[in-house]
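Peer 1: What follows is a predicted protein model with its sequence.
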Amino acid sequence: MTTVQIEFCLPCGYLNRAEDVQHVLLQTLGETIDSVTLIPGDNGVFTVTVDDTKVFDIEHDEYDVDDIVRTARTHT
């Protein structure tokens, strides 16, 4: 089974984005995921990691929930 970690910048207001990604991941991949953990951070961080592989980083990727889920699916 798969574990997902979503680290997000709390002061930046990324909590809603993190919750959106968590919701869609559980809705679409819930049967293959053991857990989706939200990790509050700072300094503009917003990353999604699937089993220790970073699949999204807001520093390098454009935020798109559907694209994040598609990429995560390839690692489950």
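Peer 2: Perfect, I can see it now. Numbering: from 1, shown residues only.
Peer 1: what's the following helix or strand after the helix or strand containing His23?
Peer 2: Assigning secondary structure by DSSP states H and E places His23 in helix 15-29. Sequence order places strand 33-41 as the next helix or strand after helix 15-29, per DSSP H and E.
Peer 1: which residues are contacting that following strand?
Peer 2: For strand 33-41, contacts defined as C-beta atoms under 8 Å, 6 or more residues apart in numbering pick out 1-10, 15, 18-19, 22, 25-26, 76. Just so you know, the C-beta spots here come from the backbone N, C-alpha and C atoms, and that holds for glycine as well.
Peer 1: if we go to 10 Å?
Peer 2: Defining contact as C-beta atoms under 10 Å, 6 or more residues apart in numbering, one finds that strand 33-41 is touched by 1-12, 14-15, 18-19, 21-23, 25-26, 29-30, 45, 47-51, 72, 76.
Peer 1: buried sites along the very next helix or strand once past that strand?
Peer 2: Later in the chain than strand 33-41, the nearest helix or strand by DSSP H and E is strand 46-50. Residues Phe46, Thr47, Val48, Thr49, Val50 are the ones in strand 46-50 that count as buried (16 or more other C-beta atoms under 10 Å).
Peer 1: can you tell me the average pLDDT over strand 46-50?
Peer 2: Strand 46-50 shows a mean pLDDT of 98.
Peer 1: strands paired with it, and their directions?
Peer 2: With DSSP bridges as the test, strand 46-50 is paired with strand 2-9 (antiparallel), strand 53-57 (antiparallel).
Peer 1: what's around Gln27, how many residues?
Peer 2: Gln27 is surrounded by 9 other residues when neighbours are defined as other C-beta atoms under 10 Å.
Peer 1: What residues does it make contact with?
Peer 2: Taking C-beta under 10 Å, 6+ apart as the criterion, Gln27 is in contact with Val69.
Peer 1: Tell me how far it lies from Ala72.
Peer 2: Computed with C-beta to C-beta, to the nearest Å, the distance linking Gln27 and Ala72 is 12 Å.
Peer 1: And the helix or strand that contains Asp66, how far out from the chain middle?
Peer 2: Secondary structure assignment for Asp66, by DSSP H and E: helix 65-73. In this view, helix 65-73 has its centroid 9 Å away from the chain centroid, taken as C-alpha atoms, centre = their mean, to the nearest Å.
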